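A.B. asks: Sequence plus the predicted model coming up.
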Amino acid sequence: MQTSSPPRSLSPEALRIREILNEWDPIGVHHIGRGWPADEYDDLIVPILGALESAPTADDLAAELRTVVEVDYGLPSPGGCHDVARSLLAVTR
């Protein structure tokens with residue numbers, strides 16, 4: 001999974017993914033305070049939707065999330081990858 005351009009409009013699934021990513025906040029923008037952009041993680045929505053199509057395990061999806069944050073964002077591995085992966089998998093069930 002790699003980051004991509006954000007989608008132009010968001011389906012209900014994409015909105016739920018956005019919500020999950022914003023709650024997780026792997027790069028810590030929430031600590032900035034009020035007014036941080038709601039679309040901060042939208043570059044992950046399309047790749048996550050694509051990954052979900054192949055019905056990955058929670059472990060596989062968590063590993064992909066960890067890799068995106070470490071490689072694409074250049075940050076240390078965030079906590080909560082498995083919990084987020086399980087939440088994301090529930091979006092399509």
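C.D. replies: Received, thanks. Note that the structure is a prediction, hence the values are computed from the model and not measured.
A.B. asks: alpha carbons only for contacts and neighbour counts from here, please
C.D. replies: Will do.
A.B. asks: element containing the one residue sitting closest to the centre of the chain?
C.D. replies: Note on the chain: the residue nearest the mean C-alpha position is Leu21, at 4.6 Å, using CA atoms, centre = their mean. Element membership of Leu21 [criterion: DSSP states H and E] is helix 12-24.
A.B. asks: Go through that helix and flag the buried ones.
C.D. replies: Across helix 12-24, burial judged by 16 or more other CA atoms under 10 Å covers 14, 16-18, 20-22, 24.
A.B. asks: Can you lay out those residues as CSV showing pLDDT?
C.D. replies: Putting those into CSV (pLDDT from 0 to 100) gives the following:
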residue, pLDDT
Ala14, 92
Arg16, 96
Ile17, 96
Arg18, 94
Ile20, 96
Leu21, 95
Asn22, 92
Trp24, 94
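A.B. asks: I'd like to know which of the residues you listed is nearest to Pro56.
C.D. replies: Among the buried residues of helix 12-24, Ile17 lies closest to Pro56 (CA to CA), at 15.7 Å.
A.B. asks: That closest one reaches Val46, doesn't it?
C.D. replies: No. Ile17 is beyond contact range of Val46, at 9.7 Å (criterion: CA atoms under 8 Å).
A.B. asks: how many other residues sit next to Ala85?
C.D. replies: For Ala85, the neighbour count with other CA atoms under 10 Å is 23.
A.B. asks: isn't it right next to Glu64, touching?
C.D. replies: No. Using CA under 8 Å, Ala85 is not in contact with Glu64; the gap is 9.3 Å.
A.B. asks: Sounds good, over and out.
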